[in-house]
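Novice: I'd like to go over a predicted model; first the sequence, then the structure.
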Amino acid sequence: MPHWSSCLIADPLHNGMAVARFLHPPEWRSDSQVVWNMQNTSQPVLTRAFAASPDGRDAVEFLPFEGCCWIQPNYGQPVGSQRFGLTLLPPMAAVDAVTQFLIPKHRGDPRNHRVVDAHPVADLAAQIGASELSGVASSGAMVRVEADVNGTTIVEEFYACHYVLAPLPGQIVQQNWGLARAFALRSDRDHFDDMRPTLWRTATSIVFHHEWLKLCERVAQQLNGQFVQAIEAGYDKLRSEAAFEQQFLAYNQQVRDNQSAAVAASVVHQHRVDAARWNAPGVGGGGGQPAQEALGDQLLRGSAYADPNSAEGNYWYDQGNHEYVWTDGQGGFIPTNDANLDPNIGSDRSWRLADRA
C-alpha cells in the first residue's frame, strides 16, 4: 500500500514512544489519543484513534480497550460502576456486550440508533492480526446500526474481540472479561457497501508495537504491586487501630477505677472536709481554685483538673498524680506518664491536655 498514508499513534507520557501505526487513504485526515491514569491499576492506559474522509462521511474509529469484571458477592456495588479502571458488569456473550455495553457507551442513548444486524465473528482476532490475544480464548462480534442524522441515514458497523478469563477463586470470586481491539466503520447508507473495502482495509492495517505493549504490562504489574502494598498497609492500620481501641478501653477502665476510688475516699474524709476552715492557712492562696477545694485535694491526695463537661464547674481528680492528663471535653479523661502517648491517633474524637485546677 505505498500510496496510502501512515498514521503513528504516539504515547506523549513516554517521550512519544510508538504505540501503533495504521494506514488510510492519502486525502483522509487522522488523529489519535493516548491517556494514562495511574489510579486505574487494572487498566491504566486508554488509546483511541480515527481516520476520516475530508467531508467526514466515511470514517474508521479505533475504540479503547474495555475491561470489565464481576465480583461475587459485590456488597451492593452498583452495576456499571468503575473499579480500578474496570467496569463492574456480569459477563455477557460477545454480541450482547457490543450491543448493550460498547455501543451505548460510545454512541449514547440506544434510542438514537437501531440495530439492523448482529452476529458472532469467531475468527475476528485472526482476521485483524490481533497477535496479543493469541494466548487468550477469544471470540468476535459484529453489530450494524443505523441512525438518521439531518435527513441522512448513517450506517456503522462495530467489531470487537471478546474474551472471558477464568474466575479468581477465594472468599470473593472475581471474573475478568472484556472487549479488545474494538473498531467502527462508518458511512452513509448509499455509500457504505461501496466503501466497505476501504474501511476494512484501514481498520485491519493497524499494528501495535510489542515494546509498548510490554511497557503497559510492566506498568500494570508495578501498579498492582503498589496496590497490594497499599491494601496491606490498610490492614496494618486497621490492626493498629484495633490495638489502640483495646488500649483506650483499658485507659477508660483505669479512669473509672480512679473515679470510684476518689468517691470512696471523699466519703471517708468527708467529716474532715466539713471540719476544715474555708480559708485554711497556706491553702488555695495562689490561683483560681477555691481554698476548700484545694484542701480537698490535699486530703484526697489527688490532683484536680478542670472538667469542661461539668455544668457545675466540678473538678476531675487524678489519684495517681500522673504527669499528663488528656481530656476529650466530654467527660473522658486519660491519665498517663507516657510523654509520647497521643490519644488523637485513631480516635473518633479530639483530645487535648487537661488544665490543672
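Specialist: Yep, that arrived.

Novice: Map the structural domains onto the sequence of the chain.
Specialist: 5-208, 247-353 (automatic domain parsing).

Novice: Out of those, which is the most enclosed?
Specialist: Mean neighbour count (mean count of other CB atoms under 10 Å) peaks for domain 5-208 among the domains of the chain, with a mean of 17. Any C-beta I mention is one placed from the backbone N, CA and C, and that applies to glycine too.

Novice: just how off-centre is that domain within its chain?
Specialist: Chain-centre distance of domain 5-208: 24 Å, with CA atoms, centre = their mean, to the nearest Å.

Novice: if we can go back for a sec, looking at the domains of the chain, which one has the lowest mean pLDDT?
Specialist: For the domains of the chain, mean pLDDT drops lowest on domain 247-353, to a mean of 64.

Novice: longest strand of this protein?
Specialist: strand 173-188 (DSSP state E).

Novice: would you turn the domains of the chain into TSV with distance to Gln222?
Specialist: Formatted as TSV, the domains of the chain follow (distance: least, CB to CB, whole Å):
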stretch	distance to Gln222
domain 5-208	9
domain 247-353	30
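
Novice: can I get the CA coordinates of stretch 203-220 in CSV?
Specialist: Only the C-alpha atoms of stretch 203-220 are listed here, as CSV (Å, rounded to 0.1, in the frame of the first residue of the first chain):
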residue,chain,number,x,y,z
ALA,A,203,-9.3,-0.9,10.2
THR,A,204,-7.2,-4.1,9.7
SER,A,205,-4.0,-2.3,8.9
ILE,A,206,-3.3,-1.3,12.5
VAL,A,207,-0.2,-2.9,14.1
PHE,A,208,0.6,-2.4,17.8
HIS,A,209,4.3,-2.2,18.8
HIS,A,210,5.4,-5.0,21.1
GLU,A,211,7.7,-2.7,23.0
TRP,A,212,4.8,-0.5,24.0
LEU,A,213,2.6,-3.5,24.9
LYS,A,214,5.4,-4.8,27.2
LEU,A,215,5.7,-1.4,28.8
CYS,A,216,2.0,-1.5,29.5
GLU,A,217,2.4,-4.9,31.2
ARG,A,218,5.3,-3.7,33.3
VAL,A,219,3.4,-0.6,34.4
ALA,A,220,0.2,-2.6,35.3
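
Novice: chain center to that stretch: distance?
Specialist: Stretch 203-220 sits 26 Å away from the centroid of its parent chain (CA atoms, centre = their mean).

Novice: now do stretch 332-352
Specialist: Here stretch 332-352 is found 31 Å from its chain centre; the criterion is CA atoms, centre = their mean.

Novice: Can you give me the end-to-end span of it?
Specialist: By CA to CA, to the nearest Å, the extent of stretch 332-352 from end to end equals 11 Å.

Novice: just stretch 347-357 next, same as before
Specialist: By CA to CA, one end of stretch 347-357 lies 26 Å from the other end.

Novice: on that earlier part again, which strands and helices sit next to whatever helix or strand comes next after the longest strand of the chain?
Specialist: Tracing the chain C-terminally past strand 173-188 and defining elements by DSSP states H and E, one meets helix 192-203 next. Contact here means 3 or more CB pairs under 8 Å, 6 or more residues apart in numbering; DSSP states H and E; on that basis helix 192-203 packs against strand 17-24, strand 59-62, strand 173-188.

Novice: and of those, who's closest to Gly76?
Specialist: strand 173-188 (16.0 Å; CB to CB).

Novice: if we can go back for a sec, would you reformat the helices and strands packed on helix 192-203 as CSV and include distance to Asn40?
Specialist: Output for the helices and strands packed on helix 192-203, formatted as CSV (distance: least, CB to CB, whole Å):
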stretch, distance to Asn40
strand 17-24, 17
strand 59-62, 19
strand 173-188, 13
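
Novice: I'd like to know which of these is closest to Pro167.
Specialist: Smallest distance to Pro167 across these (CB to CB): 4.1 Å, for strand 173-188.

Novice: Quick check: Asp96 is in a helix.
Specialist: Yes. Assigned with DSSP: H, G, I helix; E, B strand; the rest coil, Asp96 falls within a helix.

Novice: how about the helices in the stretch 1-150 of the chain?
Specialist: Assigned by DSSP state H, counting those that start in this stretch, the stretch 1-150 of the chain shows helices spanning 94-97, 103-107, 124-127.

Novice: among the ones you listed, which is nearest Asp58?
Specialist: Comparing these under CB to CB, the one sitting nearest is helix 103-107, at 17.2 Å.

Novice: who's in contact with the closest one?
Specialist: Outside helix 103-107, the residues that touch it by CB atoms under 8 Å, 6 or more residues apart in numbering are Leu63, Glu66, Pro110, His113, Val143, Val145, Ala147, Glu156, Phe158, Ala184.

Novice: quick one: contacts for the fifth one?
Specialist: So the one you mean is Val143. Applying CB under 8 Å, 6+ apart, the residues near Val143 are Val95, Val98, Thr99, Ile103, Val115, Asp117, Ala118, Glu157, Phe158.

Novice: Would you reformat those as CSV and include distance to Glu132?
Specialist: Below are the contacts of Val143 laid out as CSV (distance: CB to CB, whole Å):
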residue, distance to Glu132
Val95, 22
Val98, 19
Thr99, 25
Ile103, 23
Val115, 29
Asp117, 28
Ala118, 25
Glu157, 23
Phe158, 20
